[in-house]
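>>> attaching a predicted model along with its sequence, questions to come.
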Amino acid sequence: MSQSYSINKCIRASRGLCDWCRKSLCLQHLSEHNALLVAQLNPFTDEINQLGDRLKTLTIEQTTSNSRRKLRQWHEDCHKKIDCFLENKCQELDQIINEKVEQPQKNFNRIHLKITDLINAQEATRQDIDSLNSTIQRLKSQMNKKLFRLILVHY
């Protein structure tokens, strides 16, 4: 049994239904309808061909060169910051070590001068010997403690 026909004035029996527009069409009009639908694809072909041509002219290097340049600059900037931070920390460490070594150095110089004076004068008493021995032992102990603390704190 024939369905009602969607094209006005066509007296032929419906042979098919267009799935897209839901029209019942005779074989001739179904063919024409199909040709109209296919004809609408041609502009898409032209557009996709133009897009394909544009893609062919682009290269990865061209499209990423600016981004790569920015990444390299960021990399260099980060290295500079790290180098600067390292230099500052090295200077701080040098200053801390110098401060820790300065007082024992002063004590060492004072003791060394006293020993040199006693040797040059050839006048050392038992009290001088005991005092020097005690001072040297204290200096050794202080230096060992400070060096040990420096090692623990900075490593």
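Okay, I see it.
>>> C-alpha from now on. contacts and neighbour counts both.
Noted.
>>> how about low-confidence regions in the protein?
By pLDDT under 70, the weakly predicted segments of the chain are 1-8, 146-155.
>>> in it, which helix is the longest?
Counting residues, the longest helix found in the chain (DSSP state H) is helix 60-121.
>>> distance from it to the middle of the chain?
Distance, stretch centre to chain centre, for helix 60-121: 25 Å (Cα atoms, centre = their mean, to the nearest Å).
>>> cool, stretch 105-124 as well?
For stretch 105-124, the distance to the chain centre is 59 Å (Cα atoms, centre = their mean).
>>> in it, which residues are buried?
For stretch 105-124, a neighbour-count test (16 or more other Cα atoms under 10 Å) marks 108, 111, 115 as buried.
>>> hmm, back to that, packing partners for the longest helix of the chain?
helix 126-154 (3 or more Cα pairs under 8 Å, 6 or more residues apart in numbering; DSSP states H and E).
>>> quick one, what contacts the closest residue to residue 108 other than its chain neighbours?
Spatial nearest neighbour of residue 108, excluding adjacent residues (Cα to Cα, 6 or more residues apart in numbering): residue 139 at 7.7 Å. Contact analysis of residue 139 by Cα atoms under 8 Å, 6 or more residues apart in numbering lists 104, 107, 108.
>>> how about JSON lines for the residues you listed, with distance to residue 130 added?
Putting the contacts of residue 139 into JSON lines (distance: Cα to Cα, whole Å) gives the following:
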{"residue": "104", "distance to residue 130": "20"}
{"residue": "107", "distance to residue 130": "17"}
{"residue": "108", "distance to residue 130": "16"}
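>>> over to residue 22. Which of the three states is it?
Under the three-state scheme (DSSP: H, G, I helix; E, B strand; the rest coil), residue 22 adopts coil.
>>> what's the spacing between it and residue 39?
Computed as Cα to Cα, to the nearest Å, the residue 22 to residue 39 distance reads 19 Å.
>>> and if you look at residue 55?
Applying Cα to Cα to residue 55 and residue 39 gives a distance of 25 Å.
>>> give me the distance between the closest residue to residue 143 other than its chain neighbours and residue 131.
Spatial nearest neighbour of residue 143, excluding adjacent residues (Cα to Cα, 6+ apart): residue 104 at 6.9 Å. Computed as Cα to Cα, the residue 104 to residue 131 distance reads 17 Å.
>>> the more surrounded of these two?
When neighbours are counted by other Cα atoms under 10 Å, residue 104 and residue 131 differ, and residue 104 comes out ahead with 16 against 12.
>>> right, I'll call it a day here.
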